[in-house]
Structure formats: structure tokens, C-alpha cells
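Q: this one's structure only:
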């Protein structure tokens, strides 16, 4: 798994380098994309126009929240990377689980736990696995990005 994480980080750094050197992008948009890649700035502001708390823990203090991409940054167009509906506010632990595909969300707001997730670890991280968790409704735009997450990020059982 560490090798996969290193490969993922290398790929995302490669994309960031391409953005930095793209002469077609205005300086302000280039900077916004780079800052958004690092989990700050304009993207988080836009997500906060849609969300006001961690969907799972209920934490509302922005200092403790990350703007997590539903459709990963590496797979998104420049427009999608900054689109607030491509994001959820999550605490760092929940962001990790969502980003790595251990959890996802149904359009109805029900939390999906990947069949390959280690339930005891999830419980220690504060995610109950012994009951259905509903986190509320999503916007139409969020539902489209969450569909991508379910299809391409959420880990499925190995066949």
C-alpha cells in the first residue's frame, strides 16, 4: 500500500507541475489550482458555500476540516478541481477514509463502507460500522461527483 501511496503522490505532483508550466492558464487560475491541490484556498471556500460541517462527525470549525474532492483532483478537469460541488467537508480521518476509497456515500446520504475496509480500525477512527449512518442530502451536483467516487474510487471486494 505504501508503494501505491507513493505512486499516487508522484502522479499528483506530475499533474501539478503541468499546471505550473501551462502557458494557457492565467496566473490567478494557475495559483488557485495549485492551492486547491494542497487542500486550501478557493476550493475550500467554494465547498463551504455548499457544506458547513463534516458530514460524518458534525465538526463545524473550518480549521479542523478538509475540503475533500469527490472526483479526485488527479482525475478532474481544471474546472472540476475548483467546483465546490465536487467536494465535501470532512475531518482529516474521514477525509483519509473517503479519499482512499474505504468509505463512500449513496445519493440518499447513507454511508457506504467498502467490503475491504478493516472494520475494527474504522471503529477506532470514530466511524460506527454496526449501524446505518445517514449524513443528510446532497445537491444534484454533489450527487454526480459522488457517482464518480462510487464507480472509480470506492474499493470493491477483490474477485
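A: Sure thing, it's come through. Computed from a prediction, not measured in an experiment: that's the story for all the values here.
Q: contacts, neighbours, all on C-alpha from now
A: Fine.
Q: pretty sure residue 138 contacts residue 106?
A: No - with contact defined as C-alpha atoms under 8 Å, residue 138 does not reach residue 106; the gap is 9.4 Å.
Q: Between the two, which has more neighbouring residues?
A: Applying other C-alpha atoms under 10 Å to residue 138 and residue 106 shows that residue 138 carries more neighbours, namely 19 against 16.
Q: so who does that one touch?
A: Counting by C-alpha atoms under 8 Å, 6 or more residues apart in numbering, residue 138 makes contact with 107, 108, 109.
Q: if we go to 10 Å?
A: By C-alpha atoms under 10 Å, 6 or more residues apart in numbering, the residues touching residue 138 are 50, 51, 85, 88, 105, 106, 107, 108, 109, 144, 146.
Q: do the same with residue 46
A: Shown in contact with residue 46 (C-alpha under 10 Å, 6+ apart): 67, 82, 83, 84, 85, 86, 87.
Q: Check those residues for the minimum pLDDT and say which it is.
A: Among these, residue 82 carries the weakest pLDDT, at 90.
Q: could you pull out the strands for the chain?
A: Using DSSP state E, the strands found in the chain span residues 66-69, 87-90, 103-105, 111-113.
Q: show me where pLDDT drops low in the chain?
A: In the predicted model of the chain, residues 1-6, 8-9, 35-40, 157-159 satisfy pLDDT under 70.
Q: overlap in contacts of residue 138 and residue 106?
A: residue 146.
Q: can you give me the helices for the chain?
A: Assigned helices in the chain, in chain order: 2-20, 27-37, 41-48, 78-82, 92-99, 119-124, 140-152 (criterion: DSSP state H).
Q: possible to save those as a markdown table with distance to residue 60?
A: Converted to a markdown table, these look like this (distance: least, C-alpha to C-alpha, whole Å):
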| stretch | distance to residue 60 |
| --- | --- |
| helix 2-20 | 28 |
| helix 27-37 | 20 |
| helix 41-48 | 10 |
| helix 78-82 | 21 |
| helix 92-99 | 13 |
| helix 119-124 | 21 |
| helix 140-152 | 19 |
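Q: Cool, thanks, talk later.
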